[in-house]
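Undergrad: No sequence on hand, only this structure:
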């Protein structure tokens, strides 16, 4: 309840307090007691889980059914795995529980309760797997197994890498970066991942050029052809 300041009268020494003034004092004290009692001195612990594991980053707001002010839960601290709500009074309360990537829930409880109130959240999407340092081919397979797809993949040189038909030289190249990051809960109908893959190295064949000194032009051309080279521009000097 809202606490309103009553009109307060001043008196002089020796002057008696009127009945109206005394009643104003009594009414003000009663309003103060009601306001303090409405704040409450109790507490309740809330365990928020998903698939049997604690959920971090949860926001919980307790609202009394009837008169009273909403109370927000404290974030997790130290070694606590349950969220603590303090300043609640006995009676019926409604807990609004929400967390990123999960469907929100409303739970009704009657206080006091001794054991923690358990709330099981349902994921609102699919978790993104960790693809860092995974071979490109295996990473795409892991995404498919998780029910997700990559929207685009580029190498560190900025060139796009095919996802439908993986080039042989990129099959085992490691994935260096992904968006969204691992663990993010996404809607597979909306979100597509972006990947950065290590650029593939292209090795050109290397041959040793033989000595052509003392050979005729025809002999030099044949010697170069044997090792995969060809004779270029010839300059004749007398």
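TA: Sure thing, it's come through. Remember, it's a predicted structure, so these values are computed and weren't measured experimentally. Residues are numbered from 1 along each chain as shown.
Undergrad: Strands along the chain, start to end?
TA: All strands of the chain, identified by DSSP state E, fall at 42-50, 53-54, 59-64, 71-72, 83-88, 91-98, 105-111, 117-120, 126-127, 150-155, 175-179, 185-186, 193-197.
Undergrad: Which among these is found nearest to residue 218?
TA: strand 150-155 (45.3 Å; CB to CB). Backbone N, C-alpha and C define where each C-beta goes, glycine included.
Undergrad: Which elements pack onto that closest one?
TA: Judged by 3 or more CB pairs under 8 Å, 6 or more residues apart in numbering; DSSP states H and E, the packing partners of strand 150-155 are helix 136-145, strand 193-197.
Undergrad: Could you identify which of these is most buried?
TA: strand 193-197 (a mean of 19; mean count of other CB atoms under 10 Å).
Undergrad: For that one, which outside residues touch it?
TA: 128, 131, 136, 139, 143, 148-156, 161, 170, 173-180 (CB atoms under 8 Å, 6 or more residues apart in numbering).
Undergrad: Please apply the same query to stretch 45-60.
TA: By CB under 8 Å, 6+ apart, the list of residues contacting stretch 45-60 reads 72-73, 76, 81-85, 95-100, 102, 116-123.
Undergrad: Mind listing what's buried along that stretch?
TA: 45, 46, 48, 50, 55, 58, 60 (16 or more other CB atoms under 10 Å).
Undergrad: now stretch 197-213
TA: For stretch 197-213, by 16+ other CB under 10 Å, it's 197, 198, 199, 200.
Undergrad: can I get the strands of the chain in TSV with mean pLDDT and distance to residue 214?
TA: Listed next are the strands of the chain as TSV, based on pLDDT from 0 to 100; distance: least, CB to CB, whole Å:
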stretch	mean pLDDT	distance to residue 214
strand 42-50	92	82
strand 53-54	88	80
strand 59-64	95	87
strand 71-72	92	93
strand 83-88	92	90
strand 91-98	95	87
strand 105-111	95	91
strand 117-120	96	88
strand 126-127	87	72
strand 150-155	95	48
strand 175-179	96	53
strand 185-186	85	71
strand 193-197	96	51
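Undergrad: Residue 231 is nearest to which of those strands?
TA: strand 150-155 (36.9 Å).
Undergrad: which other residues reach that closest one?
TA: Contacts to strand 150-155, defined as CB under 8 Å, 6+ apart, come from residues 136, 140, 143, 160-161, 163, 170, 173, 192-200.
Undergrad: Cool, thanks, signing off.
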